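[1] Show me how the following folds:
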Amino acid sequence: MTKTNINVSNIELYCVRAEFGTYTKQFIDGGYVAIDWLPNDDLSHITTREELYPLYKKEYPNDKSNVVIGQQVGQIGRFLLEIKEGDYVITPAQNTEFIYYGIVEPDAYFFAENPDDFPYLHRKKVKWNKLPIQRSQFSVPFQNTIRSSLTVFI
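    Have a look, this model is predicted:
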């Protein structure tokens, strides 16, 4: 038997919410995580966060607050540009006592041009562990962190 050393210094853990657990089953069954912003644009050509600002402002012209725009673009950018192959993702189940986790697969991003019955078109492929973990198994600070209202966060 050979021992393999794995360098985990470049691996991150992200939380991607599924509408307060409403779409967790689709995430798990479909083998992906997804976000809903910018539903009319395939973002596979985007390489910087700055490229997202004009797309966001065009799609959501009523968002006038720079704080709101920055926060939303930040979440889109994090999903698109920061979550990478080998990173771990978690998503809370609708029964918030449980959390599912998985590993982001290679060439993860895809735009679902022919969507199934799931409305979020920006997706990243994830190999999910089908059995959830109880939230209570994590430290209290971690449990508090994953209560964030953001959709995509570290």
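
[2] contacting residues for Pro106?
    With contact taken as CB atoms under 8 Å, 6 or more residues apart in numbering, Pro106 is in contact with Glu85, Lys125. In short, each C-beta sits where N, CA and C put it, glycine included.

[3] Pull out the buried residues from the strand or helix carrying it.
    According to DSSP states H and E, Pro106 maps onto strand 98-111. Neighbour-count burial for strand 98-111 flags Phe98, Ile99, Tyr100, Tyr101, Gly102, Ile103, Val104, Ala108, Tyr109 (criterion: 16 or more other CB atoms under 10 Å).

[4] Look up how far Asp36 lies from the fifth one.
    From Gly102 over to Asp36 the distance is 19 Å, taken as CB to CB, to the nearest Å.

[5] about what we covered before: out of the buried residues of strand 98-111, which one sits closest to Phe79?
    Nearest to Phe79 among these is Tyr109, at 8.6 Å by CB to CB.

[6] what's near enough to touch that closest one?
    With contacts defined as CB under 8 Å, 6+ apart, Tyr109 is in contact with Leu43, Ser44, Leu80, His122, Arg123, Lys124.

[7] what bridges to Trp128?
    Beta-bridge pairing of Trp128 under DSSP bridges involves Gly102.

[8] got a list of what it touches?
    Phe27, Ile28, Gly31, Tyr100, Tyr101, Gly102.

[9] can you list the residues that contact stretch 82-96?
    For stretch 82-96, contacts defined as CB under 8 Å, 6+ apart pick out 10-18, 20-22, 24, 27, 33, 98-108, 124, 126, 132, 135, 146, 152.

[10] how does it look with 7 Å?
    When contacts are defined by CB atoms under 7 Å, 6 or more residues apart in numbering, stretch 82-96 is touched by residues 11-18, 21-22, 24, 27, 33, 99-106, 108, 124, 126, 132, 135, 146.
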